[in-house]
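# got a sequence here, can you model it:
(chains A and B)
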Amino acid sequence: MQTDVASGNIDGVGTTLKPFQFRGRFLTALALRLSTAPDARFYEMLADRLEKTPNFFTDAPVIIDLEQSQAEVTPEALSELVADLRRRELAVFGVQGGDEALRAAAAGLGLISVTGGRDAPLRGALPSSEQKRPQRVFQERPPMPEAQPAPAQTPAPAPEPNPAPEPAPVPQRVAPENKIVTMPVRSGQTVIADKGDLTVVGPVSSGAELFAAGNIHVYGRMRGRAFAGIDGDENARIFCQSLDAELLAIAGLYRTSDSLGADVRHKMVQIYLEDERLIVAPFG
Amino acid sequence: MSKVIVVTSGKGGVGKTTSSAAISAGLASRGHRTVVIDFDVGLRNLDMIMGCERRVVFDFINVIQGDAKLNQALIRDRRLDNLYVLPTSQTRDKDALTQEGVEKVLNELREEFDYIICDSPAGIERGAQLAMYYADEAVVVTNPEVSSVRDSDRMLGLLSSKTARAERGEEDQIKSHLLLTRFDPRRSGDGEMMSVEDVLEILAIPLLGVIPESPAVLRASNVGVPVILNEKSRAATAYEEAVARLDGEDLPMKIEGEKVPGLMSRLFGRSA
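Okay, here's the model as predicted:
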């Protein structure tokens, strides 16, 4: 979990500036998936494809996906391909898959070996002949704050509401799955909305935890801990009808109740990130 | 239609066993066939509070393990002939309780009794979970101080997730009541203790009663008589009223030292 630059100092002494921070970060990358070793026809089609939307590909971070073709691609062919892509101003930075020889060759070319990540859905606009170059979203989850508790303790299954429009956390085209809880969230309980917003209609007790990929709304006294934007969404916000929280966090930046002034306590507030600072702003 | 009521708190020393004894004696004096079960295996106390410790032959664990019949283990109270105690074992531990065993005993008791009061051990481990698992209603015993309130809140969370009713679905949940014990109106007024209203605001469940801190409670425990059956005291009256409410009577709430106008209506507003 990232440390906090935003927590105020109760003694009134200025916050010391930390020389660095580690932050979880998302990154959308293109994956160039090779079905076979690149040949003359491959380069011809590639050039053709890149010309269609030149701006889209300029300086785009690219990884080369060798999972389907590692038997056929030689280290020489890889070297040639990387040189070609770099000439075309594609920012090749990694390979995925590949045997030991290929990974060694990639390292020699300054490429990192990437594991994990997942494919974004293929866009319908892509012509079928483009199968060799599906778009891919490469992402690494930022560490969850603390170990993710088992969702077994959540109160009775909350009804899943229809997805409402909301800003998607990352450029994935996934419909958000929002969650509404209409019972008090008691001490020791954890409620997780890992793909959307979390709305609690009722009090949240001290010692209870709320997690959401998106925003968190609490209609009732908020005494527990709230973690919004757990996947790194810095636009996520927390809304409380009456703030008395132990801890508030957005995208890993947090403040504890010590640093919340009396001027916001028990007020209706929203909490958001602005310039790496967690702002607690009362309404009205 | 019999009811299983668990008396629970999370925190120890808040008055679960005292309240279990008083509630079961109160229900029995109102004419209901009542049994009170001690779930605190290994720390047998209920029989002492009920004054029947010398008559224990077989216990709850013997019944669960099939070493004795239920009727052999049930002890009839000497003062009220429709009140029974099912004591627990002092030598075993909570692993001797099994879910199937508890269910079987409760089902048998349901055929005989109107009210089955389960005196839960402190904590949130096996004994406490089994005491609440088959409950229809819960009496959450809380002292007006922050750690007790937080533990009660935790218990309410478990009552709404780790019980048979919770696992069956949304309808028909356990009905939880708050019993505030060891309440000292003077210290609450001075701000040394939480007020009734503070506790209700956090726990958000209906208030069954407020039992004042009273030397009569300790005296009753020492002689092995439920508070409600011993000398006339403020605590005894408060328990009687709480029992009446648990039994479905609509009594106005009188809280010493809390003279906030409109408090009554607010308290009852919450219990809807």
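# could you check which residue of the stretch 151-284 of chain A lies nearest chain B?
Closest contact between the stretch 151-284 of chain A and chain B, by CB to the nearest CB, is at A:Arg186 (3.0 Å). C-beta coordinates here come from the backbone N, C-alpha and C atoms, glycine included.
# which ones are touching that residue?
Listed by CB atoms under 8 Å, 6 or more residues apart in numbering or on different chains, the contact partners of A:Arg186 are A:155, A:205, A:208, B:153-154, B:156-157, B:160.
# what does A:Gln241 give?
A:218-222, A:268.
# what do you get if the cut-off is 10 Å, keeping everything else the same?
By CB atoms under 10 Å, 6 or more residues apart in numbering or on different chains, A:Gln241 lies in contact with A:200-201, A:203, A:217-222, A:266-269, A:283.
# does it lie in a helix or a strand, and which?
When elements are defined using DSSP states H and E, A:Gln241 is found to belong to strand A:238-243.
# gap between B:Glu240 and A:Ala106?
Relative to A:Ala106, B:Glu240 is positioned 82 Å away (CB to CB, to the nearest Å).
# between the two, which one's more packed in?
For B:Glu240 versus A:Ala106, neighbours defined as other CB atoms under 10 Å in any protein chain shown are more numerous around A:Ala106 (25 against 19).
# spell out the secondary structure type for the closest residue in space to that one that isn't next to it in sequence.
Take A:Ala106 and drop its neighbours on the chain: the residue closest to it by CB to CB, 6 or more residues apart in numbering or on different chains is A:Val95, 4.3 Å away. A:Val95 carries the three-state label strand when classified by DSSP: H, G, I helix; E, B strand; the rest coil.
# surely A:Val95 and A:Val114 touch.
Yes. Counting by CB atoms under 10 Å, a contact exists between A:Val95 and A:Val114, whose distance comes to 6.9 Å.
# count of residues packed around the closest residue to B:Ser195 other than its chain neighbours?
What sits nearest to B:Ser195 in space, not counting adjacent residues and going by CB to CB, 6+ apart, is B:Ser188, at 5.2 Å. Counted with other CB under 10 Å, the burial measure for B:Ser188 works out to 23 neighbours.
# surely B:Ser188 forms part of a helix?
Yes. The secondary structure assignment for B:Ser188 places it in a helix, going by three-state DSSP.
# which element is the residue of chain B found nearest chain A on?
Residue nearest to chain A within chain B: B:Gly157 (3.0 Å; CB to the nearest CB). Here B:Gly157 is covered by helix B:146-159, with elements defined by DSSP H and E.
# which one of the contacts of A:Arg186 is nearest B:Lys232?
Within the contacts of A:Arg186, proximity to B:Lys232 (CB to CB) peaks at B:Leu156, which comes in at 33.1 Å.
# the closest one touches A:Pro203, doesn't it?
No. At 11.0 Å, B:Leu156 does not count as touching A:Pro203 under the criterion of CB under 10 Å.
# ok, for A:Pro38, nearest residue in space, not its chain neighbours?
Counting by CB to CB, 6+ apart, A:Pro38 lies nearest to A:Leu81, which is 5.3 Å off, once chain neighbours are set aside.
# now A:Gln270
Leaving aside its sequence neighbours, A:Gln270 sits nearest to A:Phe239 (CB to CB, 6+ apart; 5.1 Å).
# output stretch B:168-185 as CSV, restricted to C-alpha atoms.
The C-alpha trace of stretch B:168-185 is given here as CSV (Å, rounded to 0.1, in the frame of the first residue of the first chain):
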residue,chain,number,x,y,z
ARG,B,168,-31.8,-19.6,4.6
GLY,B,169,-32.3,-16.2,3.0
GLU,B,170,-33.4,-12.6,3.3
GLU,B,171,-36.9,-13.1,4.8
ASP,B,172,-37.4,-14.3,8.3
GLN,B,173,-34.1,-12.9,9.8
ILE,B,174,-33.2,-13.2,13.5
LYS,B,175,-34.9,-10.5,15.5
SER,B,176,-32.2,-8.8,17.7
HIS,B,177,-33.0,-6.8,20.8
LEU,B,178,-30.6,-4.7,22.8
LEU,B,179,-30.4,-5.2,26.6
LEU,B,180,-28.3,-2.5,28.1
THR,B,181,-26.9,-3.6,31.5
ARG,B,182,-24.9,-2.1,34.3
PHE,B,183,-26.2,1.3,33.4
ASP,B,184,-25.4,4.0,35.8
PRO,B,185,-27.5,7.1,35.2
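# can you tell me the SS state at B:Arg44?
Remark: B:Arg44 carries the secondary structure label coil [criterion: three-state DSSP].
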